[in-house]
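>>> build me a model from this:
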Amino acid sequence: MKRAVRRPFEWLGIGIGILVFSNLPRRWMLGLCDFISAVMYRFDGAGRRLSLANLRVIKGTLKPEGIVRPVAKYDPTPSEEKIIRRSYRNMARTVGHAFWTCRNAIKRVKAAGEMSEAGKRFLAENNPAVTVSGHIGCWEILSQLALLEGHKMMSVAKDIGTGGMTNLLMKSRMSIGQEIVHADGAFRPLMQGIKNGKSLGLLVDQLVKTKDGGIWVRFFGRPIPVSAAPAFFSAKGKAPIVVAWSRPLKDGRYRCEVVASYKCEEARNIRAMTERCIRDLERVIRRHPSAWVLNYRYFRKWPTEKEMADISNNG
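Reported below is the predicted structural model:
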């Protein structure tokens with residue numbers, strides 16, 4: 001019932017987003033995103049409390065055991081509040097960027113971001129490649145910038161709201177020429193894609209059930225099931241892995257920076273490579289927590305005794 005009631009509002013929101021954001025100059029688009037993020041922060045009480053809990057996981061001040069839930073009381077220090085506000089702003093700007101690049105995509109991506117020299121070198125020397133990141137900085141621009149460096153890119157999209165809304169968002173994200181496949185049934189097209197010389201853009205900092213290919217690793221010291229897809233596709237497709245992220249710049253633009261890179265031979269140990277990718281992202285998030293999506297329930301599952309033993313034996 002709630003989903004049926006929410007559906008027209010989802011369509012209205014996505015329609016307005018594409019219509020309004022795609023017609024704004026970049027500076028105005030950023031200003032509108034900042035206004036929306038301030039409204040979100042003001043009224044998203046549960047999200048603020050979850051953000052504070054996740055921030056304290058990063059800082060190591062939350063107890064190390066159990067599922068992470070929103071804190072009972074939102075009582076951030078001034079520095080914590082500043083980080084959480086900026087996290088909301090970063091998330092709004094990322095969504096705004098996705099809408100904004102629906103039109104004149106190549107020109108706008110060039111205006112909004114740049115590839116670091118290390119990134120250019122890696123992409124020039126390794127095609128195809130498995131690019132790995134998380135929901136930090138503007139994750140939408142990473143594959144776009146790689147595409148501008150001559151890589152044919154494939155990314156994965158999960159459901160957002162209704163099926164129709166997901167399809168509309170997927171079409172808008174494909175405006176620059178990258179290929180987007182739905183998360184359900186993504187294995188075959190991704191495997192075929194990398195065999196055909198296409199690079200993959202994958203995000204790994206989200207919960208993936210073990211029945212869907214997730215494996216348990218430690219993230220900020222806590223167990224979480226994440227996708228092993230980057231290591232698997234690297235090993236099977238004989239393509240190297242690059243862990244990267246898009247650093248927000250003071251002028252509202254982004255720079256894609258390389259965190260680490262690995263040869264495909266190193267990916268044969270699927271668990272070890274997955275853990276290394278998670279550790280790489282963890283280092284970036286510790287240094288730049290305000291650039292990470294803090295109001296997502298990353299730690300909402302707890303492993304069984306056997307799964308916990310596997311983590312301990314391999315970690």
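>>> all strands of the protein, in order?
Under the criterion DSSP state E, the chain contains strands at 113-115, 130-133, 153-157, 179-182, 199-203, 214-219, 222-227, 241-248, 254-262.
>>> mind checking the longest helix of this structure?
Longest helix in the chain by number of residues (criterion: DSSP state H): helix 78-100.
>>> hmm, back to that, closest to residue 289 out of the strands of the chain?
If you check each of the strands of the chain against residue 289 by CB to CB, strand 241-248 wins as the nearest, at 12.5 Å. Heads up, the C-betas are built off the backbone N, CA and C, glycines and all.
>>> related to what we said a few turns ago, TSV for the strands of the chain, including distance to residue 290 and mean neighbour count?
Formatted as TSV, the strands of the chain follow (distance: least, CB to CB, whole Å; neighbours: other CB atoms under 10 Å):
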stretch	distance to residue 290	mean neighbour count
strand 113-115	18	22
strand 130-133	17	30
strand 153-157	24	22
strand 179-182	28	18
strand 199-203	18	25
strand 214-219	18	21
strand 222-227	20	22
strand 241-248	9	25
strand 254-262	14	20
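>>> dump those strands to JSON lines, plus mean pLDDT and distance to residue 105.
Shown next, in JSON lines, are these (pLDDT from 0 to 100; distance: least, CB to CB, whole Å):
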{"stretch": "strand 113-115", "mean pLDDT": "97", "distance to residue 105": "12"}
{"stretch": "strand 130-133", "mean pLDDT": "97", "distance to residue 105": "18"}
{"stretch": "strand 153-157", "mean pLDDT": "89", "distance to residue 105": "13"}
{"stretch": "strand 179-182", "mean pLDDT": "87", "distance to residue 105": "13"}
{"stretch": "strand 199-203", "mean pLDDT": "95", "distance to residue 105": "15"}
{"stretch": "strand 214-219", "mean pLDDT": "93", "distance to residue 105": "32"}
{"stretch": "strand 222-227", "mean pLDDT": "94", "distance to residue 105": "27"}
{"stretch": "strand 241-248", "mean pLDDT": "98", "distance to residue 105": "16"}
{"stretch": "strand 254-262", "mean pLDDT": "97", "distance to residue 105": "15"}
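>>> right, I'll call it a day here.
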